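[1] Need a 3D model of the sequence below.
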Amino acid sequence: MRFYRPPLISRLLYREAIFTTGKNDKSVCLSFDDGPHPATTPVLMEILNRYGIKALFFLNGEAAEKYPYLVKEIKNCGHIIGNHGYKHINGFRSTFTEYIENVNRGAIGTSDKLFRPPYGKITFRQYRYLSKRYKIIMWDLMGYDFDEKLGSGEVIGIITRKSRPGSIIVLHDKPSANATAVLEEAIKALRNRGFSFSLPEFEV
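    Next comes the predicted model:
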């Protein structure tokens, strides 16, 4: 079963986390997890730049350490970088210390201000501790571009049909996902529905 939006309990527990852009207009925000990667990051940025869209890139510290020139390029293009942990670990299956250390290590090459929990799975204790240092950014719509059972057209359909004003949309910056194949058509489809693109209202 696919869950396109975080469960209501997440919004109740993580009250200070950001799930939407916080704007009243018909805008959405594009975000990309798990990068950077030389096979996908430049393609995504080229498309975004062509359409004049700024996005959120939540980077794995390990990948950022391996490809620092891509981190620099993302910043130079005006996109916002966030921390997605050094390794992509599940907060529900990690000890408190292990999880916190992974997040803080990931911050070194990414961001010490913005954090998105891998899988969206973070315990309340982990959240309470990390929210004192980081702005926690969740999402409103999961595009499922990583699902091998879905073709590009189906992913575009999910994004087009389920986006709503304020949605923060998640796609993935890695070769095993098909964000590079769906991004341009998704942008066109959303614009045809009257959506614009903007970043959430928070201070970096």
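
[2] okay, CA-based contacts and neighbour counts for the rest of this
    OK.

[3] and residue 56, how many neighbours?
    23 (other Cα atoms under 10 Å).

[4] And residue 125, by the same measure?
    10.

[5] can you give me phi and psi for it?
    Main-chain dihedrals, residue 125, degrees, to the nearest 10: phi -60, psi -40.

[6] And it, how close does it get to residue 163?
    According to Cα to Cα, to the nearest Å, residue 125 stands 31 Å off from residue 163.

[7] again with residue 46
    Distance from residue 46 to residue 163, by Cα to Cα: 23 Å.

[8] more crowded one of the two?
    residue 163 (23 against 12).

[9] quick one, what contacts that one?
    By Cα atoms under 8 Å, 6 or more residues apart in numbering, residue 163 lies in contact with 28, 141, 169.

[10] and if we set it to 10 Å?
    26-29, 140-143, 157, 169, 190, 193, 195 (Cα atoms under 10 Å, 6 or more residues apart in numbering).

[11] Now for residue 188: which residues touch it?
    Contacts of residue 188 (Cα under 10 Å, 6+ apart): 51, 160, 194-195.

[12] Quick check: pLDDT value at it.
    On pLDDT, residue 188 comes in at 98.

[13] Does the longest strand seen in the chain pack against any helices or strands, and if so which?
    With secondary structure taken from DSSP state E, the chain has its longest strand at strand 27-35. Secondary-structure packing of strand 27-35 (3 or more Cα pairs under 10 Å, 6 or more residues apart in numbering; DSSP states H and E): helix 41-50, strand 56-59, helix 61-66, strand 80-83, strand 168-172, helix 179-192, strand 196-197.

[14] Figure out which of the ones you listed is closest to residue 6.
    Nearest to residue 6, of all these, is strand 168-172, at 11.3 Å by Cα to Cα.

[15] how about that closest one: buried residues?
    By neighbour count on 16 or more other Cα atoms under 10 Å, the buried set for strand 168-172 is 168-172.

[16] What is the nearest of those residues to residue 42?
    residue 172 (13.1 Å).

[17] Contact partners for the closest one?
    Residue 172 sits in contact with 31-36, 40-41, 44, 57-58, 142-146, 178-180, where contact means Cα under 10 Å, 6+ apart.

[18] got the contact list for residue 196?
    25-29, 53, 165, 187, 190.

[19] Quickly note the distance from it to residue 52.
    If you go by Cα to Cα, the gap between residue 196 and residue 52 works out to 11 Å.

[20] what do you get for residue 76?
    For residue 76 relative to residue 52 (Cα to Cα), the value is 14 Å.

[21] sorry, back to before: want to try CSV for the buried residues of strand 168-172, with pLDDT and distance to residue 153 as columns?
    Shown next, in CSV, are these (pLDDT from 0 to 100; distance: Cα to Cα, whole Å):
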residue, pLDDT, distance to residue 153
168, 98, 20
169, 98, 17
170, 98, 16
171, 98, 14
172, 98, 16
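
[22] how about these, which pair is most distant?
    168 and 172 (13.1 Å).

[23] the bottom helix or strand of this protein by mean pLDDT?
    helix 8-13 (a mean of 93; mean pLDDT, DSSP states H and E).

[24] which residue sits closest to residue 162, ignoring its sequence neighbours?
    Leaving aside its sequence neighbours, residue 162 sits nearest to residue 141 (Cα to Cα, 6 or more residues apart in numbering; 7.3 Å).
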